[in-house]
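Q: Show me how the following folds:
(chains A, B, C and D)
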Number of protein chains: 2
Amino acid sequence: MVKYRHDPLSEVFGALADPTRRAILARLALGETSVGELAEPFEMSLPAVSKHLGVLETAGLVQREKQGRVRRCQLDGRPLEAAATWIEHYRRFWEARLDSLARYLEETQAKQPNGGKKNGGGKRDR
Amino acid sequence: MVKYRHDPLSEVFGALADPTRRAILARLALGETSVGELAEPFEMSLPAVSKHLGVLETAGLVQREKQGRVRRCQLDGRPLEAAATWIEHYRRFWEARLDSLARYLEETQAKQPNGGKKNGGGKRDR
DNA sequence: TTGATACTTAACCATATGGTTAAATATAGA
DNA sequence: TCTATATTTAACCATATGGTTAAGTATCAA
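A: Reported below is the predicted structural model:
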């Protein structure tokens, strides 16, 4: 159907949306390794890990470099920056709305000495 | 095949891995709206938007609340926190490795007055 | 009660994703 | 040159995703 030309942000978030790939990044954060070494702790075939590496690579999070018959993989954290920026932006937005709600509640309480309760002494339904 | 019980982090990152859904969150950051209002700017059917909202809702990023025949949708930024924390962790790791590389290069340059070049005056191939 | 409005659910389709095994490729080493 | 090692590519499968249209449900309003 091809709805959008793969945008970088979607690729990065998509790459992070899998526990195996996050584990691979976790391992790679400790230092570079070969594909085989990387695949060893996982209960899946080597081709499966190789595919995950492919996803991480097209997202720009991993670089594979051929050294003899071994491929050394290393983390590239740069694409995480855009992702972090995006998240932080909306997180801040949301927190700002929370803050304004808190301010509103404080003001309401300041004006209504009963503690801000609406419908102060009325009957409650259950 | 069902490989893992949907973990929250994968759901959040998966929800963010689509431009339509990110646009929905962007709209919702400005304040709550109905589903119809939310769907209006998108070139897709209402059911499609409703499905996207479903994805965002199961990721905990959006809450839908029935008010009469209208559904008010609002952003919930809380799940973004875990996502931001995860990303920041690995970003820092990567930056730390960059820093230690930079330190290494500086040290190398300090010891080798030729500017840190290996193979100082030798022939270059190619 | 009847109809319009605001959605959601169902059924369907094409493509993507995540896995498998088997075969291909490239290089190191005997 | 032959063989073992490291990894990718190919072919395949089941399920997930992102979209569609059509039908269903709930509520407001005449």
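
Q: In the longest helix seen in chain A, which residues are buried?
A: Selection of the longest helix in chain A by residue count, based on DSSP state H, yields helix A:78-111. Of the residues in helix A:78-111, those with enough neighbours to count as buried (16 or more other Cβ atoms under 10 Å in any protein chain shown) are A:79-80, A:83-84, A:86-87, A:90-91, A:93-94, A:97. Heads up, the C-betas are built off the backbone N, CA and C, glycines and all.

Q: Looking at these, which one is closest to A:F13?
A: When those are compared for distance to A:F13 (Cβ to Cβ), A:A83 comes out closest, at 6.3 Å.

Q: Grab the nearest non-local neighbour of that closest one.
A: If the residues on either side of it in the chain are set aside, A:A83 comes closest to A:V12, at 4.9 Å by Cβ to Cβ, 6 or more residues apart in numbering or on different chains.

Q: any idea which element the one you found lies in?
A: Taking DSSP states H and E as the definition, A:V12 sits inside helix A:8-16.

Q: Ranking helices and strands of chain A by mean pLDDT, which lands last?
A: Comparing every helix and strand of chain A by mean pLDDT, DSSP states H and E singles out helix A:78-111 as the least confident one, with a mean of 83.

Q: Which secondary structure elements does that helix sit against?
A: The elements that helix A:78-111 packs onto, with contact taken as 3 or more Cβ pairs under 8 Å, 6 or more residues apart in numbering or on different chains; DSSP states H and E, are helix A:8-16, helix B:19-29, strand B:70-75, helix B:78-111.

Q: could I get those as a markdown table with distance to DNA strand D?
A: Conversion of the helices and strands packed on helix A:78-111 to a markdown table gives the following (distance: least, Cβ to the nearest atom of the strand, whole Å):
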| stretch | distance to DNA strand D |
| --- | --- |
| helix A:8-16 | 8 |
| helix B:19-29 | 5 |
| strand B:70-75 | 8 |
| helix B:78-111 | 16 |
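
Q: I'd say A:R64 and A:L75 touch.
A: No - using Cβ atoms under 8 Å, A:R64 is not in contact with A:L75, being 11.4 Å away.

Q: Among those two, which residue is more densely surrounded?
A: Of the pair A:R64 and A:L75, A:L75 is the one with more neighbours under other Cβ atoms under 10 Å in any protein chain shown, namely 23 against 16.

Q: who in chain A is up against DNA strand C?
A: When proximity is defined by Cβ under 7 Å from any atom of the strand, chain A lies next to DNA strand C at A:1-2, A:14, A:17-18, A:20, A:43-45, A:47-48, A:51-52, A:55, A:66, A:68-69.
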